[in-house]
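1. Got a sequence here, can you build the structure:
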Amino acid sequence: MTRKFFHNRRRPRPVHKKRKPSGRHGKDSDHLQTAIQTLLTEADGPLTAAEIVNALYLTPVQSSLLRKVLGQMLTAGTVLKKGKLFTAARVPEQLKGTLDLTGKGFGFVTPEGEEVKGGKDIYIAPHNLNAAGPGDTVVIAVTGTTSRGRREGRVLKVLHRAVTKVCGVYNLTPAGGQVLPDDGRLPYSLFIPGGEDLGARDGMAVIAEIIHYGSSQQSPTGRIIEILGDPRQADVQIRMAIFQFSLREHFPATAEDEASRLLPVTQASGDRIDLRHLLHVTIDGEDARDFDDAICVERSEGGFVLYVSIADVGYYVRPGSAIDQEAYLRGTSVYLPDRVLPMLPERLSNDLCSLMPDTDRPAFTAVLEFDFSGQRVAEHYRKSLIRSKKRLTYTTVHQILSVRNPEIRAAHAELVPMLEQADHLAALLNSHRIQRGSLEFNLPEPVIRLENSRVVEISQAARYEAHQLIEAFMLAANEAVAESLSQAKLPVLYRIHEPPDPAKLETFTDAAHALGIHTPHSATGPAWFAQIIAHAKKSPNEYLVNSLLLRTLQQARYSPENSGHFGLAAAYYLHFTSPIRRYPDLIAHRVLQSLLTGTAEQHLTPQPKTDLAEAGAYLSQCERKAIDVERNIHARCSALYLLEQVGERFTGIISGVSASGLYITLDDTFISGMIPLSSMSDDYYLFDSRRYRLIGENSNRIYQLGSRIHVRLDRVDLLDKQLSFSLITDG
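-> Sure thing, here's the model as predicted:
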């Protein structure tokens, strides 16, 4: 294994000192520090070392430790020294909280049980971490404020370790070996003593267990417990990502056992109506892994009737069951290039709740009536039994409706009239949404293709009218259910999207002006954004404008308080259409069922006492984690894809400019990397932050946001998932 792909990780080298055996001296040192602290705090004035010995009646052994202990306390800042006199330092404010580490080595602590002053966490400098790691529960001392007014602190004690195992790349060293962590937040390498390497070869991806957490002077020590394989293989990188984000790969035996005992619903009885006569179809991508929504559109005297039938997950997943508990913990399914980590066991996600063709399946159907202009005039909801007539793909529907391929239309003759009605209705619904200001971002969705654990292609997913058709119907159903539950004043989790931060809007406006785009003078509501998106459509800067605009928006989240959805310009919105893969949708199903039956739903989550606001915050975190995993794996696969292309030439667009260099997004693959300023040695470049450009001081050469450039790939760092390029100039 050649290690040139991992050399760029800037981390402190491990310092390995011979450990002293733990025993009485360590305990005596701790007791002595406590005694000295108490003495100096209660003393009337400063004391010399000799006076401390006398006042504490120290034994000869303790007296011999005094100098060392006082030195430690001086370093920690708990005592002060002037000449030969010692005094107690002012006792700092101590707080308990969770440490969040950045990839740059510093961290922040969110204190428990308090509203942080100014809404800011407490900054912890690298030298004040005291060997604490990301996610650790720590006790900190507040030591002052930074130059920017943020409180600053020092870790005094680690109460609970969040990281007990490390995934990374094993490197042989003269002293034994070390694991360079794959997670860039971990500010250390893990020393592996001889005999604890499980036979791992140099450069292999491994998982190691931490034996000793070390100190500020000494790296942690561990043992290798699993060898993952060659990190240049895509499946190994995906395993590393699964470990990094602590994804749940396997279902508990209790949940699997429950799922195995579930029986399919084959009859429409009780309050369940029989809709098997309708021409329901599912429309998904060729590689879709679950089928939880089916649609049917009929023409009526007054317009259209849309049936959006969603797999009746709530029938099978009862609140508090083992399946329900595991589904809540997962929060969402996670889709990876070579596998899916489903929210529900396979018995449900791929069988009982999968709306397979020619198979009777229980559903929850939203029946939405529209007039000929596309305005919703009525809605009602029923438990149903449906039978999908066909599993259609976006490509097939595109061939039927847009290309009008005669052979494919003939093969689906029974469905063509229904699909044409659906297409007509979807166009009306999309038109209404655009008119009210719904944001129609046009950003490419990358598709990663693997063969034999190699990344053979990264391309842009095709997008057809059929995608918009399904999206229009799912949005319509979600809005209708949200409005119905809001009017019924039933507690549920809404999908809310708040207006953007004004500061981010100002930043975007500057960037837009740098690109030559004039922003509207109207109020910055959804329509303002929609105008900019429309103005950029099919222009050379369309991708960049959409990307920059998206960054200004806040993240959508789940909340029991409905404040509307800014991006959709919708007063009511929630998630109802994907209960197989999103837990908030399952909550909506339970609440909607209580509306139909007229009984209050007591258990919306596995724990009856779980507050909906708390559940919304947790499930929003689960969703963000899934998004982060997707981005992380795209970065890993991008690095793998370009690993053998170092030295090759590429073209791309400057997607960001900073004092550190240029950020570039490559054409076709939309892979991102950086051109470090240090590599731009042909001139001394000045950073113009207002106009987002670098200007050569001597040549006056300008590199501007949105400019197209030619670059050479210089380095691929697999461990940090970073790509470094250099400019190819005409000269």
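2. average pLDDT for stretch 132-145?
-> Per-residue pLDDT values across stretch 132-145 average out to 86.
3. Please identify the buried residues of that stretch?
-> Neighbour-count burial for stretch 132-145, counted by 16 or more other CB atoms under 10 Å, picks out 132-143. From N, CA and C alone the C-beta is placed, and that goes for glycine too.
4. same deal with stretch 707-727?
-> 709, 711-713, 715-725, 727.
5. between the buried residues of stretch 132-145, which is nearest residue 562?
-> residue 135 (32.5 Å; CB to CB).
6. who touches the closest one in this structure?
-> By CB atoms under 8 Å, 6 or more residues apart in numbering, the contact set of residue 135 is 98-100, 162-163.
7. so the closest residue to residue 394 other than its chain neighbours, which of the three states?
-> Closest residue to residue 394 apart from its sequence neighbours, by CB to CB, 6 or more residues apart in numbering: residue 466 at 4.3 Å. Following DSSP: H, G, I helix; E, B strand; the rest coil, residue 466 is assigned to helix.
8. same deal with the one 5 residues further on?
-> Following three-state DSSP, the label given to residue 471 is helix.
9. burial count for it?
-> Number of residues near residue 471 (other CB atoms under 10 Å) recorded here: 14.
10. Please apply the same query to residue 686.
-> By other CB under 10 Å, neighbour count at residue 686 equals 11.
11. And for residue 508?
-> 23.
12. what's the answer for residue 498, then?
-> Using other CB under 10 Å, residue 498 has 16 neighbouring residues.
13. Does it touch residue 565 like I think?
-> No: look at residue 498 against residue 565 with CB atoms under 8 Å: they stay out of range, at 9.1 Å.
14. Please identify which two of the buried residues of stretch 707-727 are farthest apart in space.
-> The widest separation within the buried residues of stretch 707-727 (CB to CB) is 26.9 Å, between 709 and 719.
15. so of the contacts of residue 135, which ones are in strands?
-> 98-100 (DSSP state E).
16. Among the residues you listed, name the buried ones.
-> Buried among the ones in strands among the contacts of residue 135 (16+ other CB under 10 Å): 98-99.
17. quick one: the strands in the stretch 251-400 of the chain?
-> For the stretch 251-400 of the chain, the strands defined by DSSP state E, counting those that start in this stretch cover 272-274, 281-284, 293-299, 303-311, 334-336, 339-341, 360-371, 376-387, 390-393.
18. Revised request: answer the last question for the stretch 401-550 of the chain.
-> Under DSSP E, counting those that start in this stretch, the stretch 401-550 of the chain gives strands at 446-451, 454-460, 494-496.
19. Just say which of these is most tucked in.
-> Highest mean neighbour count of the strands of the stretch 401-550 of the chain: strand 494-496, a mean of 24 (counted as mean count of other CB atoms under 10 Å).
20. Show me what it is packed against.
-> helix 465-487, strand 557-559 (3 or more CB pairs under 8 Å, 6 or more residues apart in numbering; DSSP states H and E).
21. 7 Å instead, please
-> Packing partners of strand 494-496 (3 or more CB pairs under 7 Å, 6 or more residues apart in numbering; DSSP states H and E): strand 557-559.
22. what residues does stretch 211-219 touch?
-> Residues from elsewhere that reach stretch 211-219, judged by CB atoms under 7 Å, 6 or more residues apart in numbering: 14-15, 17, 127, 130-131, 161, 188-191, 220-223.
23. Please list the members of those residues that lie in strands.
-> Those of the contacts of stretch 211-219 lying in strands (DSSP E): 190-191, 221-223.
24. can you put the ones in strands among the contacts of residue 135 in a markdown table and add distance to residue 548?
-> Below are the ones in strands among the contacts of residue 135 laid out as a markdown table (distance: CB to CB, whole Å):
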| residue | distance to residue 548 |
| --- | --- |
| 98 | 32 |
| 99 | 32 |
| 100 | 27 |
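25. and the gap between the nearest residue to residue 577 once chain neighbours are set aside and residue 294?
-> Spatial nearest neighbour of residue 577, excluding adjacent residues (CB to CB, 6+ apart): residue 474 at 4.6 Å. Per CB to CB, to the nearest Å, residue 474 is found 11 Å from residue 294.
26. more neighbours, the two?
-> Taking other CB under 10 Å, residue 474 and residue 294 do not tie; residue 294 has more neighbours (28 against 18).
27. which residues touch the more buried one?
-> By CB under 7 Å, 6+ apart, the residues touching residue 294 are 280-282, 309, 355, 386, 388.
28. Please apply the same query to residue 391.
-> With CB under 7 Å, 6+ apart, residue 391 has these contacts: 282, 291, 357.
29. Just give me the closest of those to residue 521.
-> The closest of the contacts of residue 391, once distances to residue 521 are taken by CB to CB, is residue 282, at 45.4 Å.
30. For the closest one, give me its contacts.
-> 291, 293-294, 355, 388, 391-392.
31. which one of these sits closest to residue 336?
-> Among the contacts of residue 282, residue 291 lies closest to residue 336 (CB to CB), at 18.8 Å.
32. what's around the closest one, how many residues?
-> 21.
33. same question, residue 695
-> For residue 695, using other CB under 10 Å, the count is 17.
34. next structured bit after the helix or strand of the chain with the lowest mean pLDDT?
-> Every helix and strand in the chain was compared by mean pLDDT, DSSP states H and E; the lowest is helix 24-42, with a mean of 71. Downstream of helix 24-42, the next assigned helix or strand under DSSP states H and E is helix 49-56.
35. any idea which helix or strand carries the spatially most central residue of the chain?
-> Using CA atoms, centre = their mean, the residue of the chain that lies closest to the mean C-alpha position is residue 628, 2.6 Å off. Assigned by DSSP H and E, residue 628 belongs to helix 612-642.
36. Was I right to think residue 440 contacts residue 533?
-> Yes: applying CB atoms under 7 Å, one finds residue 440 in contact with residue 533, separated by 6.2 Å.
37. Counting neighbours around each, name which of these two comes out higher.
-> residue 533 (18 against 15).
38. Quick check: buried residues in stretch 607-619?
-> Buried, per 16+ other CB under 10 Å, within stretch 607-619: 612, 615-616, 618-619.
39. distance between that stretch and the chain's centre?
-> Centroid separation for stretch 607-619 versus its chain: 19 Å, with CA atoms, centre = their mean, to the nearest Å.
40. Quick one: mean pLDDT for that stretch?
-> On average, stretch 607-619 scores 89.
41. Pull out the buried residues from stretch 363-378.
-> For stretch 363-378, burial by neighbour count (16+ other CB under 10 Å) applies to 363-370, 374, 376.
42. re earlier: sitting in strands, which of the buried residues of stretch 707-727 do you find?
-> Secondary structure from DSSP E places 709, 711-713, 715-717, 722-725, 727 of the buried residues of stretch 707-727 in strands.
43. and residue 698, helix, strand or coil?
-> Applying three-state DSSP: residue 698 is coil.
44. My read is that residue 281 contacts residue 393, right?
-> No: counting by CB under 7 Å, residue 281 stays clear of residue 393, with 10.6 Å between them.
45. Comparing the two, which shows the higher neighbour count?
-> The neighbour count for residue 281 versus residue 393, taken as other CB under 10 Å, is higher for residue 281 (22 against 18).
46. what's near enough to touch the more buried one?
-> By CB under 7 Å, 6+ apart, the residues touching residue 281 are 294-295, 388-390, 392, 415.
47. show me what contacts the closest residue to residue 633 other than its chain neighbours?
-> Computed as CB to CB, 6+ apart, the closest residue to residue 633 that is not its neighbour in sequence is residue 241, at 5.1 Å. Neighbouring residues of residue 241 by CB under 7 Å, 6+ apart: 629, 632-633, 636.
48. For PyMOL, write the select line for the buried members of the residues you listed.
-> This is the PyMOL syntax for the buried subset of the contacts of residue 241, where burial follows 16+ other CB under 10 Å:
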select buried, resi 629+632+633+636
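49. Let's have the contacts of residue 241 in CSV, adding pLDDT and distance to residue 487.
-> What follows is these, written out as CSV (pLDDT from 0 to 100; distance: CB to CB, whole Å):
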residue, pLDDT, distance to residue 487
629, 96, 37
632, 95, 41
633, 96, 41
636, 97, 46
